[in-house]
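> Here is a sequence together with a model predicted from it:
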Amino acid sequence: AVVSTQSTGRADKSWLIVKPSFEKDARAAFKGTEVRITTEGHRYLGAPLGSESFKQEFVCKKVEEWVKELQTLTNIAKSEPQTAFSAFSVGLSKKWFFIMRTTPEIADLLRPLEDVLQSSFLPTVVNPHVTPSQRDILALPARDGGVGVFNPVTTAELEYKRSTEATAPLSKVILEQ
């Protein structure tokens, strides 16, 4: 895969992601250019492309950042629960949806987010003693009696599946060119 970080097509802003078995040939083919070559991976449009280890490292770093942000929202919720909930609903959680829709098989990597939601955020915003059954209800949309604080672990694979199904016709046309 060739990943260009700019629309100008500049070689010094482009990455070539190759399997280890093709690295030598790729380096020979692009010798003398400024194209960067990697066997691990690179971020493209905010999503990781490359090896499984690159994907896991990328997602884990994002989750660490989001856990800190969620802990900050939890502290804000102690005095301003509605503000913190709103920031979560329209801001922070949308970042999670993006990575879930663009990166397969990451549910287990999102576990730290659900742990903070269950242990800190929801008890501060909603009720100090959220049972597992209450957690399931809180994940429902408001129209179904919940508050829409989804469980990222149980939602990740479904979101990726929905995304691939929605983009399948376009992907097919692109691949057939």
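Received it, and whenever you're ready, just let me know what you need.
> Okay, and the residue of the chain positioned farthest from its centre sits in which element?
Distance to the chain centre peaks in the chain at G32, reaching 35.4 Å (criterion: Cα atoms, centre = their mean). Under the criterion DSSP states H and E, no helix or strand holds G32.
> what are the phi and psi angles of it?
For G32, the backbone dihedrals (degrees, to the nearest 10) come out as phi 90, psi 0.
> Check I106 too.
Dihedral pair for I106: phi -120, psi 10, per degrees, to the nearest 10.
> my read: it touches V59, true?
Yes. I106 is in contact with V59 according to Cβ atoms under 8 Å; the separation is 5.1 Å. Heads up, the C-betas are built off the backbone N, CA and C, glycines and all.
> Quick one: low-confidence residue ranges for this protein.
Scanning the chain for pLDDT under 70 picks out 1-12.
> now the strands for it?
Using DSSP state E, the strands of the chain run over residues 2-4, 14-17, 36-38, 41-44, 47-50.
> Could you dump those strands into JSON lines and include distance to E80 and mean neighbour count?
Shown next, in JSON lines, are the strands of the chain (distance: least, Cβ to Cβ, whole Å; neighbours: other Cβ atoms under 10 Å):
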{"stretch": "strand 2-4", "distance to E80": "41", "mean neighbour count": "14"}
{"stretch": "strand 14-17", "distance to E80": "42", "mean neighbour count": "20"}
{"stretch": "strand 36-38", "distance to E80": "44", "mean neighbour count": "16"}
{"stretch": "strand 41-44", "distance to E80": "33", "mean neighbour count": "17"}
{"stretch": "strand 47-50", "distance to E80": "33", "mean neighbour count": "20"}
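> What I need now is those written out in TSV, including distance to E114 for each item.
Shown next, in TSV, are the strands of the chain (distance: least, Cβ to Cβ, whole Å):
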stretch	distance to E114
strand 2-4	31
strand 14-17	31
strand 36-38	32
strand 41-44	24
strand 47-50	21
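> So which of these is nearest R162?
Closest approach to R162 among these (Cβ to Cβ): strand 47-50, 15.5 Å.
> List the residues that contact the residue positioned nearest the centre of the chain.
Note on the chain: the residue nearest the mean C-alpha position is I99, at 2.0 Å, using Cα atoms, centre = their mean. I99 makes contact with 46-47, 59, 62, 106 under the criterion Cβ atoms under 8 Å, 6 or more residues apart in numbering.
> so L140 touches V149, yeah?
No. Using Cβ under 8 Å, L140 is not in contact with V149; the gap is 9.3 Å.
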